[in-house]
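[1] What follows is a predicted protein model with its sequence.
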Amino acid sequence: MSAPKSMMNLSTEDIQRILDENQHLILAVMENKNLGRLAEALQFQSKLQQNLITLASIADQQPMRVPHGVAGVMGPMVPSSGGLPEAKLGVSTPTPKLAPQPSHPQHPPGPL
């Protein structure tokens, strides 16, 4: 399922408007479910699902973009046999280890 041609030319402001609407729809679904108004909740949920499908279709049609700095973290991108770039992972840095915690609570020393 793909988005109609008119949806493919949405500006970032239009997409943000849909995301904001989705936030309100999620809250409306939750509120109506909590109040036992399941028919109303279902209507909001249906509109939310339509919006999510539209946004997903638009995203699927966009070329994949790697945010600035990600390639530096993941290493250089090298082509695979399938023609798509794969991340060439370098040596990872060790994670810091936490100091061991005592198995029993420490009590302040009593009077000497």
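    On my side now, so go ahead. Numbers count the residues shown, from 1 in each chain.

[2] Can you show me the helices along this structure?
    For the chain, the helices defined by DSSP state H cover 5-8, 12-34, 38-61, 70-74.

[3] Show me what counts as buried in the second one.
    For helix 12-34, the neighbour count (16 or more other C-beta atoms under 10 Å) marks 18, 25, 28-29, 32 as buried. Quick note: C-beta positions are derived from backbone N, CA and C, even for glycine.

[4] could I get those residues as TSV with distance to residue 59 and pLDDT?
    Shown next, in TSV, are the buried residues of helix 12-34 (distance: C-beta to C-beta, whole Å; pLDDT from 0 to 100):
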residue	distance to residue 59	pLDDT
18	12	97
25	18	98
28	24	98
29	22	98
32	28	98
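
[5] in this protein, which ranges drop under the pLDDT threshold?
    For the chain, the stretches with pLDDT under 70 are 1-8, 69-112.

[6] Try it again at 90.
    Scanning the chain for pLDDT under 90 picks out the ranges 1-11, 61-112.

[7] picking that back up, out of the buried residues of helix 12-34, which is nearest to residue 67?
    Ranked by distance to residue 67 (C-beta to C-beta), these are led by residue 18 at 21.5 Å.

[8] Look up how far residue 64 lies from the closest residue to the closest one other than its chain neighbours.
    Leaving out its chain neighbours, the residue that sits closest to residue 18 by C-beta to C-beta, 6 or more residues apart in numbering is residue 51, at 5.4 Å. Here residue 51 is placed at a distance of 22 Å from residue 64 (C-beta to C-beta, to the nearest Å).
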